[in-house]
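Enquirer: The following comprises the amino acid sequence and a computationally predicted model.
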Amino acid sequence: MQASLGGRYATALFELAADARSIDQVEQSLTAVRRALDESRDFKELTTSPLIARGDAAKAVLAAADSLGVDTTTKSFLGVLAENRRLAELPAIIRAFRLLAARHRGETTAEVVSAHPLSEEQVGELKQQLRQRVGRDVTVDLSVDPALLGGLVVRIGSQMIDSSIRTRLNALTSAMKG
């Protein structure tokens with residue numbers, strides 16, 4: 001599927017999860033890890049700092065995994081990433097794993113970037129609109145980028161829908177330059 005390093009790690013994790021019949025548990029654990037990366041500066045630094053020694057990073061990430069309540073497959077995987085100094089690849093690995101899991105369930109995955117966190121109601125409405133557009137269930141991979149100012153950027157496969165205020169302002173600026 002993915003030739004990237006993150007894609008290869010995600011594929012390996014997906015195969016382990018499939019063998020253990022724990023794809024859903026691993027996906028839930030990765031969602032918790034993604035949330036921790038977004039919400040905890042310390043956890044993000046743990047995964048990206050080259051100054052933290054391998055052994056220390058492994059101990060810290062395993063302790064974090066316990067506090068996040070991740071399943072054993074994901075916890076072991078995080079330990080391997082720490083030992084191989086690949087924790088910085090976590091966002092790409094999580095994205096690729098979610099794509100693999102969605103494909104396994106027969107769903108399409110949409111990467112959605114918003115300027116502000118979306119409410120449950122907004123996510124439900126977005127899923128419904130995307131389902132009508134693509135003709136089947138859509139799983140959304142949400143992230144936040146305040147630089148968008150407002151609106152959304154949605155990617156489904158190679159298709160991109162950009163309704164962000166930043167893009168609209170850039171288009172307006174270009175039009176005014178003539």
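Expert: Nice, thanks for sending it over.

Enquirer: mind giving me the domain ranges of this structure?
Expert: 5-99, 107-177 (automatic domain parsing).

Enquirer: quick one: the strands in the protein?
Expert: 108-114, 138-144, 152-156, 159-162 (DSSP state E).

Enquirer: Name the residues of the helix of greatest length in the chain that are buried.
Expert: The helix that spans the most residues within the chain, counting by DSSP state H, is helix 23-39. Neighbour counts over helix 23-39 (16 or more other Cβ atoms under 10 Å) mark 23, 25-27, 29-34, 36-37 as buried. Heads up, the C-betas are built off the backbone N, CA and C, glycines and all.

Enquirer: do stretch 57-75 as well
Expert: Neighbour-count burial for stretch 57-75, counted by 16+ other Cβ under 10 Å, picks out 57-58, 60-61, 64-65, 68, 70-71, 73-75.

Enquirer: got it, and stretch 86-96?
Expert: Counting neighbours by 16+ other Cβ under 10 Å, stretch 86-96 gives 86-87, 89-96 as buried.

Enquirer: Off-centre distance for it?
Expert: Put simply, stretch 86-96 sits 8 Å off its chain's centre (Cα atoms, centre = their mean, to the nearest Å).

Enquirer: swap in stretch 109-122?
Expert: With Cα atoms, centre = their mean as the basis, stretch 109-122 stands 12 Å off its chain's centre.

Enquirer: follow-up on the earlier one: can you tell me which of the domains of the chain the model trusts least?
Expert: The minimum mean pLDDT among the domains of the chain belongs to domain 107-177 (a mean of 86).

Enquirer: end to end, how far does that domain reach?
Expert: 43 Å (Cα to Cα, to the nearest Å).

Enquirer: roughly how far is it from the heart of the chain?
Expert: 15 Å.

Enquirer: before we move on, back to that, most tightly packed of the domains of the chain?
Expert: The highest mean neighbour count among the domains of the chain, using mean count of other Cβ atoms under 10 Å, belongs to domain 5-99: a mean of 17.

Enquirer: With adjacent residues omitted, what lies nearest to the residue most central in space within the chain?
Expert: Geometric centre of the chain, nearest residue: residue 95, 3.9 Å, by Cα atoms, centre = their mean. Spatial nearest neighbour of residue 95, excluding adjacent residues (Cβ to Cβ, 6 or more residues apart in numbering): residue 141 at 6.1 Å.

Enquirer: quick one: contacts for the one you found?
Expert: 95, 98, 109-112 (Cβ atoms under 8 Å, 6 or more residues apart in numbering).

Enquirer: Out of the residues you listed, which is nearest to residue 165?
Expert: The shortest approach to residue 165 among those belongs to residue 112, at 15.6 Å (Cβ to Cβ).

Enquirer: If the closest one is in a bridge, with which residues?
Expert: Using DSSP bridges, the bridge partners assigned to residue 112 are residue 142, residue 154.
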